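Trainee: Dropping the sequence and predicted coords here.
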Amino acid sequence: VHSPSRSLLPRPPPTMTSPPKQDKQSLCVDILVGGHVQAYVDFFYLTHRPEPAASGERAAASAAAPDQQPQAPASQLAFIKNKLTEAEVARRQGDTRAVFGAYKQLANLFSQQLDDHKTAVYFWEKCNEIARLTGDTECEMEASRALGIAHEALGDTKLALTYYEKLQRLTADASASDDEKKAWVLLYNANVVLAEAATAAGDLHEALALRQTCLNAATSAGDKELIGKAHYEMGQAHERLRDLEELYKAIKHYEPYLKICEELGDDAGQGAACFALAQAHQRLEDSSRSQAYLQRFLEAATASGKLPMQAEACCSLGVLYNTQGDFARAVEYLERFFDLARQLGDKHMLDKARAYLGIARGNSMLPEYQHLVTTDLNALLAWKNRRVPFVKTQ
């Protein structure tokens with residue numbers, strides 16, 4: 001009996017090389033085997049945070065532990081491990097730019113993809129320290145800007161402001177005009193947030209001081225649109241102080257805002273400026289100027305095509321003419337206000353327009369009514385019984 005040939009015997013399946021494991025434990029071991037101690041420490045803390053609460057417990061957990069940070073997804077663990085080891089190797093070799101680049105990529109991962117700004121701050125602080133120690137102004141500016149944005153995202157606007165102020169100083173020293181303008185814009189935006197918070201808290205004098213800082217920042221940035229907005233908000237801040245002298249100061253800010261809006265062709269801004277000026281002059285009992293600005297407000301509102309602005313302008317003009325005793329014009333503008341309210345479908349505005357128009361029409365008919373009461377009782381009864389229109393007898 002012949003033994004079968006070796007070539008005819010079934011061959012064992014080829015051995016497959018299994019891919020390296022990507023779980024936390026295996027990656028931690030890989031980092032330690034490679035001798036990257038600092039990378040291991042960072043990776044361990046990043047990957048061994050408390051697990052996020054289940055959906056039913058999330059609200060209670062967030063209240064009890066507001067600083068709890070999200071877990072990095074498994075798909076990103078290898079990337080995090082590689083960047084941490086790259087940073088440690090580059091540090092040993094004295095390549096500070098490579099260290100900065102690795103930490104920057106990690107910071108961007110946590111802020112932009114994982115919405116974990118607290119961890120992003122940790123890596124941006126490392127970047128900032130490296131740039132500061134090596135005298136790398138360009139990298140220090142980038143880190144300062146990113147730290148300001150991250151702290152704003154975390155709700156700490158005051159701390160963000162310190163980084164923006166540092167950024168502005170760095171850009172000024174480096175004569176980087178474009179970067180300096182961007183730094184002033186960031187300072188403007190941060191101070192706007194603080195001013196709004198001060199206003200909401202009722203600290204109106206602090207809000208006014210912050211609005212002045214906003215105006216200074218906008219002026220330094222050379223941004224006309226921001227300068228205009230800052231002037232408008234300064235005017236509003238002065239008005240909130242409820243003092244006659246503050247009204248005059250408010251007008252001094254509304255006027256340049258109007259001029260800037262005219263230069264930029266901003267119809268909506270022109271309307272807002274004219275309305276603010278009209279209201280201020282009306283409070284100062286200067287009806288002629290108030291009326292002139294309201295007419296300009298209506299023109300700007302019509303040019304912008306914004307019906308709510310047109311309605312506001314017509315309402316204000318109607319009320320002003322009614323106050324002045326020009327009831328025919330009051331009725332004219334309040335009828336337009338009523339029509340615009342119907343077009344907008346705003347029930348509250350429609351009720352207001354109906355009431356104002358009724359008052360104006362009543363005022364316009366009052367002289368004839370008084371004449372009939374005193375001279376023509378039959379005509380008065382005819383109007384009362386059958387709504388026969390008044391006919392004023394000579």
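Mentor: Okay, I see it. Numbering: from 1, shown residues only.
Trainee: Touching, Ala280 and Tyr254? I think so.
Mentor: Yes. Shown here, Ala280 and Tyr254 form a contact pair, counting by Cβ atoms under 8 Å, at 6.8 Å. (Glycine included, C-beta is placed from N, CA and C.)
Trainee: Show me which of the two is the more surrounded one.
Mentor: Neighbours per residue (other Cβ atoms under 10 Å) separate Ala280 from Tyr254, with Tyr254 holding more: 27 against 22.
Trainee: Phi, psi for that one please.
Mentor: Backbone torsions for Tyr254, taken as degrees, to the nearest 10, come to phi -70, psi -40.
Trainee: Next: Ala174.
Mentor: Backbone torsions for Ala174, taken as degrees, to the nearest 10, come to phi -90, psi 0.
Trainee: Mutual contacts of Ala280 and Tyr254, please.
Mentor: Common contacts of Ala280 and Tyr254, defined by Cβ atoms under 8 Å, 6 or more residues apart in numbering, comprise Gly235.
Trainee: Output the contacting helices and strands for the helix or strand in which Lys249 is found.
Mentor: Secondary structure assignment for Lys249, by DSSP states H and E: helix 244-264. Counting contacts by 3 or more Cβ pairs under 8 Å, 6 or more residues apart in numbering; DSSP states H and E, the secondary-structure elements packed against helix 244-264 are helix 224-240, helix 267-283.
Trainee: Compare those helices and say which comes out lowest on pLDDT.
Mentor: Least confident of these, judged by mean pLDDT, is helix 267-283 with a mean of 92.
Trainee: which outside residues touch that helix?
Mentor: By Cβ under 8 Å, 6+ apart, the list of residues contacting helix 267-283 from outside reads 228, 232, 235-236, 239, 247, 250-251, 254-255, 257-258, 260-262, 287, 289-291, 293-294, 296-297, 300-301, 303-304, 306, 309, 312-313, 316, 320.
Trainee: out of those residues, which are buried?
Mentor: The neighbour count (16 or more other Cβ atoms under 10 Å) marks 228, 232, 235-236, 239, 247, 250-251, 254, 257-258, 260-261, 290-291, 293-294, 296-297, 300-301, 304, 309, 312-313, 316, 320 as buried among those.
Trainee: buried sites along the longest helix anywhere in the chain?
Mentor: With secondary structure taken from DSSP state H, the chain has its longest helix at helix 347-375. Of the residues in helix 347-375, those buried by neighbour count under the rule 16+ other Cβ under 10 Å are Met349, Leu350, Lys352, Ala353, Tyr356, Leu357, Ile359, Ala360, Ser364, Met365, Glu368, Leu372.
Trainee: So which of the residues you listed sits lowest on pLDDT?
Mentor: Per-residue confidence across those is lowest for Leu372, with 61 (pLDDT).
Trainee: just for the protein, where's the confidence low?
Mentor: For the chain, applying pLDDT under 70 flags the ranges 1-22, 50-69, 368-373, 376-377, 379-380, 383-384, 386-394.
Trainee: Dump the helices and strands packed on helix 244-264 to a markdown table, plus distance to Lys81.
Mentor: Formatted as a markdown table, the helices and strands packed on helix 244-264 follow (distance: least, Cβ to Cβ, whole Å):
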| stretch | distance to Lys81 |
| --- | --- |
| helix 224-240 | 44 |
| helix 267-283 | 52 |
